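[1] sequence plus predicted model, see below.
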Amino acid sequence: MTSTVTYEGYIAQLTIDLDANVIHGEVINTRDVLTFSVRDLSEVRQAFADTIEDYKEWCASLGQTVQKPLSGTMTLRMTPELHQAAANRAAMMKVSLNAWIVTTMECELGKRPAVLTAGEVDNRVAVGVKDEVVKILASRNIYGSDTEPPAWQKVMYGSSAVDETIQ
């Protein structure tokens, strides 16, 4: 079993070693390797805080910069073809490339809202992104009118299939 705890933006992943009767912690959002171990669950938060504070003091004594948790800014490296394909998809969706990448990442990580309107799905179908609609249909609840099928159903399944399900 693994769990996480946070302290000042740092995240430690905890693992339990039943053979050694020890809880190990590892800070997972810095490049520097920071770990701690305790024997009692009640000691985890304090040991984690002590590890971060010791790390800050250690960096100061060496004149080094403390690695802070990720800032939210990153550089991506990809092939020109992938870059162009992503830019094209963003343009079709009428959003910036950055917004499209963030939305795609949120969807993949399950961080997007669980509910979309039928109109939002219709918009994605209208701009030709059926593969995204398939992902949405597989992972989201979609709310809309019960009397008129949304446009995405006609595009995805064909008019005759939709007409049969309504009757």
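    Thanks, I have it. No experiment lies behind these values; they were computed from the predicted model shown.
[2] looking at it, residue 29 is touching residue 12, isn't it?
    No. Using Cβ atoms under 8 Å, residue 29 makes no contact with residue 12, being 9.1 Å away. Every residue, glycine included, has its C-beta placed from N, CA and C.
[3] more neighbours, these two?
    The residue with more neighbours, out of residue 29 and residue 12, is residue 12; 25 against 16, by other Cβ atoms under 10 Å.
[4] contact partners for that one?
    Contacts for residue 12 (Cβ atoms under 8 Å, 6 or more residues apart in numbering) come out as 4-6, 25-28, 34, 36, 48, 51.
[5] go again using 6 Å as the cut-off
    5, 25, 27, 48 (Cβ atoms under 6 Å, 6 or more residues apart in numbering).
[6] mean confidence for the biggest helix by length in the chain?
    If you go by DSSP state H, the chain has its longest helix at helix 44-62. Averaging pLDDT along helix 44-62 gives 96.
[7] just checking, what packs against the next helix-or-strand element following it?
    Next helix or strand after helix 44-62 toward the C-terminus (DSSP states H and E): helix 80-93. For helix 80-93, the packing partners by 3 or more Cβ pairs under 6 Å, 6 or more residues apart in numbering; DSSP states H and E come out as helix 97-108.
[8] buried stuff in the helix it packs on?
    100-101, 103-104 (16 or more other Cβ atoms under 10 Å).
[9] dump that helix to PDB, restricted to CA.
    Once non-C-alpha atoms are left out, helix 97-108 reads as follows in PDB (Å, rounded to 0.1, in the frame of the first residue of the first chain):
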ATOM      1  CA  LEU A  97      -2.000  25.100 -27.900                       C
ATOM      2  CA  ASN A  98      -1.200  25.500 -24.200                       C
ATOM      3  CA  ALA A  99      -4.900  25.300 -23.300                       C
ATOM      4  CA  TRP A 100      -5.300  22.200 -25.500                       C
ATOM      5  CA  ILE A 101      -2.300  20.500 -23.900                       C
ATOM      6  CA  VAL A 102      -3.500  21.300 -20.400                       C
ATOM      7  CA  THR A 103      -7.100  20.100 -21.100                       C
ATOM      8  CA  THR A 104      -5.700  16.900 -22.700                       C
ATOM      9  CA  MET A 105      -3.500  16.200 -19.700                       C
ATOM     10  CA  GLU A 106      -6.400  16.900 -17.300                       C
ATOM     11  CA  CYS A 107      -8.600  14.500 -19.200                       C
ATOM     12  CA  GLU A 108      -5.900  11.800 -19.200                       C
END
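[10] check the offset of it from the chain's centre.
    Between the centre of helix 97-108 and the centre of its chain there are 9 Å (Cα atoms, centre = their mean, to the nearest Å).
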